[in-house]
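Colleague: Could you look at this predicted model? Sequence included:
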Amino acid sequence: MHLDTAVSSIINARILDVESGTLSEPSTIEIADGEITAVRAGATTIASGAFDAGGRVVSPGLIDGHVHVLASTANLSDLGGESPYYLAAQASRLLGDMLSRGFTAVRDAGGADFGLAAAVNEELITGPRLFFGGKALSQTGGHADMRGPGTHVLDRHMCCPNIGIVCDGADAVRKAARENLRTGADHIKIMLSGGVASPTDRVDSTQFSDEEIRAAVEEADAANRYVLGHAYTARSVNRGLSLGVRSIEHGNLIDEKSVELFLEHDAFLVPTLVTYERLKADGAQFGLPESSQKKVDDVLYAGIDALALATEHGVNIVYGSDLLGGMHPHQNHEFVIRSQVQTPQQVMRSATTTAARLLGQEGRLGVVAEGAHADLLVLDANPLDDVTVLGDAETAIHSVFKGGRAVRRP
């Protein structure tokens with residue numbers, strides 16, 4: 001997979017405005033140096049360097065706010081022992097597949113580092129724009145401590161491709177956050193509760209002390225970055241929000257108090273419903289340990305209710321998938337799941353404008369407008385009529401553009 005020569009314009013484009021929920025008459029999108037320089041009404045005749053959309057819908061490229069580009073297996077405990085070169089090759093494949101599915105920007109929630117981001121930026125790897133945080137921060141026995149109960153050795157080397165690093169005490173958390181931030185990390189991730197894929201914690205546990213969480217938040221704030229927190233229960237979510245965590249990942253068991261805190265702090269919820277569905281169906285096949293398989297039901301069925309509650313009260317909601325191993329191809333199925341409780345416009349905003357705001361990329365990503373990156377999808381149907389069409393990227397997406405260059409699929 002690679003990117004073709006840049007186009008100078010996209011003509012005969014019916015432009016999708018996700019915020020207003022409108023579709024334009026055939027228009028022309030002018031492009032130079034990877035950015036949109038003008039959007040003009042009217043379908044001009046084809047010229048040199050132009051791409052003719054043929055009256056199709058042109059939407060902003062999609063944003064997935066929760067991926068793990070190193071997760072070539074669902075057994076995350078194995079990742080730390082792999083060669084980083086091998087996992088980089090796996091990440092290249094996974095990133096290319098994400099781009100072909102219409103995701104022109106992704107936020108990695110643990111594992112990806114400055115090297116992978118640089119490889120994408122320099123086009124050594126063809127993939128979406130990669131927003132990385134380095135290693136997620138975990139307490140001993142927390143969600144990113146992948147040792148079994150009988151293992152005591154822990155390799156803390158930053159080059160080992162674990163998804164997280166274990167740090168105990170506010171000072172250790174500060175140092176770990178600073179290590180990630182000094183590499184240019186776009187965010188810091190911390191584990192606020194137990195999780196499914198970790199071997200020794202309970203889903204309903206809380207993790208890190210208040211002082212440790214504050215330390216991560218303070219370091220992110222000092223660097224003009226933010227903290228995202230893995231959390232399932234209302235207890236862990238509410239604690240994180242109260243202490244300044246800006247983005248809650250998963251949040252399957254939130255309550256009314258959680259909603260109040262999301263709104264009070266203008267924070268974001270990133271549900272990842274498709275991963276539980278696939279872990280239930282395919283987890284064992286793709287390496288999910290038996291101990292983790294038993295924890296899937298703790299969160300599987302509550303997620304859709306949490307999404308409905310957050311949607312009803314106007315919480316900022318971002319698209320996320322969180323898929324592992326061979327389950328990555330189901331990335332677009334999150335559109336179908338969310339359509340059960342959200343309108344097409346609400347789902348589309350979560351994967352475009354709201355996600356762009358979380359990433360600090362308002363006006364640059366998630367819109368078809370002058371000054372934005374020319375990250376665009378040419379679609380055969382309007383997802384605001386039926387967002388489930390995006391559940392099958394092969395049939396829904398005619399063309400993908402990143403920085404004004406078409407993605408050449410294998």
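Modeller: Arrived safely.

Colleague: got the CA coordinates for stretch 392-403 in CSV?
Modeller: Extracted C-alpha coordinates of stretch 392-403, given in CSV (Å, rounded to 0.1, in the frame of the first residue of the first chain):
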residue,chain,number,x,y,z
ASP,A,392,-18.5,-2.2,5.7
ALA,A,393,-15.6,-0.1,4.4
GLU,A,394,-15.2,-2.2,1.3
THR,A,395,-18.6,-1.4,-0.1
ALA,A,396,-19.1,2.1,1.4
ILE,A,397,-15.8,3.8,0.6
HIS,A,398,-14.9,4.6,-3.0
SER,A,399,-11.6,6.4,-2.3
VAL,A,400,-9.5,7.5,0.6
PHE,A,401,-7.3,10.6,0.5
LYS,A,402,-4.6,11.5,3.1
GLY,A,403,-3.0,14.9,2.6
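
Colleague: Buried residues in it, which are they?
Modeller: The neighbour-count check on stretch 392-403 (16 or more other C-beta atoms under 10 Å) flags 393, 396-397, 399-403 as buried. Every C-beta, even on glycine, is put in place using the N, C-alpha and C of the backbone.

Colleague: Tell me the buried residues in the longest strand seen in the chain?
Modeller: Longest strand in the chain by number of residues (criterion: DSSP state E): strand 9-17. Using 16+ other C-beta under 10 Å as the test for burial, strand 9-17 gives 9-17.

Colleague: quick revisit: possible to save the buried residues of stretch 392-403 as TSV with secondary structure and distance to residue 210?
Modeller: Formatted as TSV, the buried residues of stretch 392-403 follow (DSSP: H, G, I helix; E, B strand; the rest coil; distance: C-beta to C-beta, whole Å):
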residue	secondary structure	distance to residue 210
393	helix	43
396	helix	45
397	strand	45
399	strand	49
400	strand	44
401	strand	46
402	strand	42
403	coil	43
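
Colleague: of all these, which two lie farthest apart?
Modeller: The largest separation in the buried residues of stretch 392-403, counting by C-beta to C-beta, is between 396 and 403 at 21.5 Å.

Colleague: So residue 164 is in contact with residue 136, correct?
Modeller: Yes - the pair residue 164 and residue 136 qualifies as a contact (C-beta atoms under 8 Å) at a distance of 3.9 Å.

Colleague: Across the sheet, point out what pairs with residue 269.
Modeller: residue 248, residue 317 (DSSP bridges).

Colleague: wait, doesn't it sit right on residue 313?
Modeller: No - applying C-beta under 8 Å, one finds residue 269 not in contact with residue 313, separated by 10.5 Å.

Colleague: Now the common contact residues for these two.
Modeller: residue 262 (C-beta atoms under 8 Å, 6 or more residues apart in numbering).

Colleague: quick one, which of those two is more surrounded?
Modeller: residue 269 (28 against 13; other C-beta atoms under 10 Å).

Colleague: Any buried residues in stretch 125-133, and which?
Modeller: So stretch 125-133, judged by 16+ other C-beta under 10 Å, has buried residues 125-133.

Colleague: Which of those sits closest to residue 335?
Modeller: residue 128 (16.6 Å).
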